[in-house]
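Visitor: the following comprises the amino acid sequence and a computationally predicted model.
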Amino acid sequence: MGALVWLLIPLLAAIGGGLWGSWANRTRKVRGDGPELDGYARFRAAMEKPTRAPAEPDGGALTGR
């Protein structure tokens, strides 16, 4: 009788693993690429904006006079 109990442990583990595997691979509601593409478009627009030249600490006098 003890041997049957020890055989039930891997059987229950296999059943539990199969149930978990089927749950993990279920099809989920597809969200689409809309939010990601919108964010990418905002990122590109921000990167293409011209920036001001940084102010030079000595007022731009780099002649060395």
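Guide: All right, it came through fine. Numbers count the residues shown, from 1 in each chain.
Visitor: okay, CA-based contacts and neighbour counts for the rest of this
Guide: OK.
Visitor: low-scoring stretches of this protein, by residue?
Guide: Under the criterion pLDDT under 70, the flagged ranges of the chain are 54-65.
Visitor: what's near enough to touch Leu8?
Guide: Residues near Leu8 by C-alpha atoms under 8 Å, 6 or more residues apart in numbering: none.
Visitor: could you number the chain from 169 rather than 1 from now on?
Guide: Renumbered: residue one is now 169, and that last one reads Leu176.
Visitor: quickly find the element holding it.
Guide: If you go by DSSP states H and E, Leu176 is part of helix 170-192.
Visitor: centre of the chain versus the following helix or strand past that helix, how much separation?
Guide: Next along the chain after helix 170-192, taking DSSP H and E as the criterion, comes helix 202-216. Relative to its parent chain, helix 202-216 has a centroid offset of 16 Å by C-alpha atoms, centre = their mean, to the nearest Å.
Visitor: hey, C-alpha coordinates of helix 202-216 in CSV?
Guide: In CSV, the C-alpha atoms belonging to helix 202-216 read as follows (Å, rounded to 0.1, in the frame of the first residue of the first chain):
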residue,chain,number,x,y,z
GLY,A,202,-1.0,50.6,-31.3
PRO,A,203,0.3,51.8,-28.0
GLU,A,204,3.9,50.8,-28.8
LEU,A,205,3.8,52.4,-32.2
ASP,A,206,2.4,55.6,-30.7
GLY,A,207,5.2,55.7,-28.2
TYR,A,208,7.8,55.1,-30.9
ALA,A,209,6.3,58.0,-33.0
ARG,A,210,6.6,60.3,-30.0
PHE,A,211,10.2,59.2,-29.4
ARG,A,212,11.2,59.8,-33.0
ALA,A,213,9.5,63.3,-32.9
ALA,A,214,11.5,64.2,-29.8
MET,A,215,14.7,63.0,-31.3
GLU,A,216,14.2,64.9,-34.5
